[in-house]
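Student: structure for this input, please:
(2 chains)
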Protein chains: 2
Amino acid sequence: MNVLVLGAGQLARMMALASKPLNINVRAYDVGSERVVDPLSLSVDYGDLAQGILDADAITAEFEHIAHDVLAACEQSGKLFPSSQAIKTGGDRRLEKTLLAQAGVANAKHKIIANKFEFDEAIESLTLPLIMKSALAGYDGKGQWRLKDKSEAEAIWQEIKSFIEGDTSGRPQAIVVEQMVPFDREVSMVGVRSKTGQTLAYPLTENHHSKGVLSVSLAINEHQNLQAQATEAFDKIANALDYVGVLAIEFFQVGDSLLVNEIAPRVHNSGHWTQQGADTCQFENHIRAVCQLPLGSTELVRPTAMINILGTDSVPHSILEIPSVTLHWYGKGKRAGRKMGHINVCGSTRTELISRLTQLSTMLPNADFPDVNEYVSTL
Amino acid sequence: MNVLVLGAGQLARMMALASKPLNINVRAYDVGSERVVDPLSLSVDYGDLAQGILDADAITAEFEHIAHDVLAACEQSGKLFPSSQAIKTGGDRRLEKTLLAQAGVANAKHKIIANKFEFDEAIESLTLPLIMKSALAGYDGKGQWRLKDKSEAEAIWQEIKSFIEGDTSGRPQAIVVEQMVPFDREVSMVGVRSKTGQTLAYPLTENHHSKGVLSVSLAINEHQNLQAQATEAFDKIANALDYVGVLAIEFFQVGDSLLVNEIAPRVHNSGHWTQQGADTCQFENHIRAVCQLPLGSTELVRPTAMINILGTDSVPHSILEIPSVTLHWYGKGKRAGRKMGHINVCGSTRTELISRLTQLSTMLPNADFPDVNEYVSTL
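Tutor: Alright, predicted model coming up:
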């Protein structure tokens, strides 16, 4: 069985690794070279997109910013899961906000703006501070502006204006202006939905970001109320999209309530801990869903955390001496800030996990993991 | 980093899967085609053995019956772990028995015979019933004869005689004649030793064989006395061989004592449960050892069992609905009795594991898994 993944990055790679034992071969469509390649070696060329679609039993995506003609060609084959609509929704904050409204899922108060009049109106009608996010581009903190005081509006508008004008995608760009949520923490839920509508959610994950990029994720299994809220939101969103595969939802936690921040129609960085910490990892469950195999249990096996490796291609070998530490490199060339790999660490109890995390964070060089130590010390 | 594995079967494949996240690429020397290939796709050709040795940072083996000139060429490069002597010892029961004697490890009473005179003498001096095993060839029940009564001796000798004469390896063949041990059960220990002499052992595994081939393995963590005995034997044998990598030892349990049955200088079928059940799986630990990375913890994460898939290339998809069931296919063509894959299943307690094993065994077709159900019902 062949699965074609749109995108040839680490998510396709980890899907390939999770699929091999199921005798499922993952091939990856590299949107840069426009070739279908082996995501593990990157050296085998299986042809162009048309050939890749022909050879595939199922098609899926590892990211949401995929050219619409590519999505259309895949959808036409009847093999694309999730649907192009679901993928596009993850890649366009306007569609995302419409979906959340339709599904009746709580999220931050916001306006969608495309010109100066709407920009000014949004600032008047919403409560400052505001966060402004590009509708089409941008993730990991890119394409975003923060407005704390009205005096900053004109300068920000100039940036936004050239951003809107400079958009070369051919699609009209817009900005979502949102009230900044005074959240207590950021959490996310990764879950999976089958073609028959079965849904299974993983335990919630607490996420620590550094400069807008995920730095540490920690599975949290002890808040039944939050887990229930997130599961309800997951079911509403996944059902509204008639979703097939793994879907991630990022939330702001405010007191005991969750507000959706954004959704990602794919396996997600905050779900990497499931490789060691859950009965079935997110990569295998995504492949199971798109291949119409039974979904695997999403139960927590033991408390687990993940630390992202950003911008460096080496970590001290000695961290492998810590029991349960598992290193996941993505085989990518080094570049400042780039997601190069991650480290999973588990414990039989939360206390043991925190102790190992603490040991680990002191062994990781501060220059490459600037605020991990500080964050871990708060746990 | 490149590791060359001698042999391109499922063990090389699972080493490759465990190595990718460490940014270590496993290449496999296929002794049939005499080419170095990608063990995951089998389609990429990296050249001949000489090229493979040149490109490798470390060399290891997935089986012990490797031509001695191949071992010599690898050893000469200084990259081979474990040593050719250790690999040869696993492939020659004469060397194995000598090792056990030198290391002072208990094993069955035996004689080594190569002619009719020694054959007769062995039958006289040992206590029947006897098991006779080819010194050089044979595993999984091949090249073996059982003698229960002296009246069977002549017929068995005729078979053994032609076996010895028919050996075309160029090496003198012989037979190890052993007293059959009235064992209570068969257990095995998989462990790992680093180049610096550190050893770590996994929990003992209870093994159920069917027609001489491993059928079910079950990690057992509750017998401290047996675990201590096996660990002592492991340390003695691994140290005597100055071993580097994963080594497996099969034992007969007689009452509360363990007798070594045989050793395998490699990752082992009875250690496949470690993929889901241990902190670090045997494949990763083998690669860590031969690449001189720190060894990973061998602690049990949770009770785990493995069922071999023999001679069939399909199992009911519905087994994937059972929580924690993980399917591992080897991507091989179907052949009667061939090891095609295995199934791992875990439970948070032994009771839960047995319950899931029972459910699993009733879902597996009896024709393909003839005595799994019966064995599981005894647990």
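
Student: what's the following helix or strand after the least confident helix or strand in chain A by mean pLDDT?
Tutor: Using mean pLDDT, DSSP states H and E, helix A:153-165 stands out as the lowest-scoring helix or strand of chain A, at a mean of 87. Toward the C-terminal end, the helix or strand that comes next after helix A:153-165 (DSSP states H and E) is strand A:175-179.

Student: any idea which helix or strand comes after that next one?
Tutor: Next along the chain from strand A:175-179, counting by DSSP H and E, comes strand A:185-193.

Student: tell me the strands beside that following strand, with direction?
Tutor: For strand A:185-193, the paired strands and their directions (DSSP bridges) are strand A:199-201 (antiparallel), strand A:205-210 (antiparallel), strand A:245-254 (antiparallel).

Student: now render those strands as JSON lines, adding mean neighbour count and mean pLDDT.
Tutor: Every C-beta, even on glycine, is put in place using the N, C-alpha and C of the backbone. As requested, the strands paired with strand A:185-193 are exported to JSON lines (neighbours: other Cβ atoms under 10 Å in any protein chain shown; pLDDT from 0 to 100):
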{"stretch": "strand A:199-201", "mean neighbour count": "20", "mean pLDDT": "98"}
{"stretch": "strand A:205-210", "mean neighbour count": "20", "mean pLDDT": "95"}
{"stretch": "strand A:245-254", "mean neighbour count": "24", "mean pLDDT": "97"}
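
Student: just so I know, which of these lies nearest A:K20?
Tutor: strand A:245-254 (18.0 Å; Cβ to Cβ).

Student: quick one: the next helix or strand after the closest one to chain centroid distance?
Tutor: Beyond strand A:245-254 on the C-terminal side, the first helix or strand identified by DSSP H and E is strand A:257-264. Taking Cα atoms, centre = their mean, to the nearest Å, the mean C-alpha location of strand A:257-264 is offset from the chain mean by 12 Å.

Student: swap in stretch A:280-298?
Tutor: Worked out by Cα atoms, centre = their mean, stretch A:280-298 lies 17 Å from the chain centre.

Student: related to what we said a few turns ago, elements contacting the least confident helix or strand of chain A?
Tutor: helix A:116-125, strand A:130-134, strand A:144-147, strand A:175-179 (3 or more Cβ pairs under 8 Å, 6 or more residues apart in numbering or on different chains; DSSP states H and E).

Student: now A:M340: closest residue in space, sequence neighbours ignored.
Tutor: Once flanking residues are discounted, A:M340 sits nearest to A:I309: 4.8 Å by Cβ to Cβ, 6 or more residues apart in numbering or on different chains.

Student: check for me that the one you found belongs to a strand.
Tutor: Yes - according to DSSP: H, G, I helix; E, B strand; the rest coil, A:I309 belongs to a strand.

Student: what's the pLDDT at it?
Tutor: In this model, A:I309 is scored at 98, pLDDT.

Student: give the bridge partners for it, please.
Tutor: Beta-bridge partners, per DSSP bridges, of A:I309: A:G341.

Student: any idea how far B:I287 is from it?
Tutor: 19 Å (Cβ to Cβ, to the nearest Å).

Student: so the residue of chain A most remote from its centre: helix, strand or coil?
Tutor: Distance from the C-alpha centroid of chain A peaks at A:S151, with 33.8 Å (Cα atoms, centre = their mean). Counting by three-state DSSP, the backbone at A:S151 sits in helix.

Student: so where's the stretch 251-379 of chain A shaky on pLDDT?
Tutor: Within the stretch 251-379 of chain A, not a single segment meets pLDDT under 70.

Student: quick one, helices of it?
Tutor: Here the stretch 251-379 of chain A has its helices, by DSSP state H, counting those that start in this stretch, at A:274-277, A:282-290, A:350-363, A:372-377.

Student: for those helices, which one sits closest to chain B?
Tutor: Shortest distance between chain B and the helices of the stretch 251-379 of chain A, using Cβ to the nearest Cβ, is found for helix A:282-290: 6.9 Å.

Student: pretty sure A:T199 is touching A:E232, no?
Tutor: No - look at A:T199 against A:E232 with Cβ atoms under 8 Å: they stay out of range, at 10.6 Å.

Student: unless I'm mixing things up, A:R13 is touching A:G331, no?
Tutor: Yes - the pair A:R13 and A:G331 passes the contact test of Cβ under 8 Å, sitting 7.0 Å apart.

Student: who touches both of these two?
Tutor: Listed as contacting both A:R13 and A:G331 by Cβ atoms under 8 Å, 6 or more residues apart in numbering or on different chains are B:K20.
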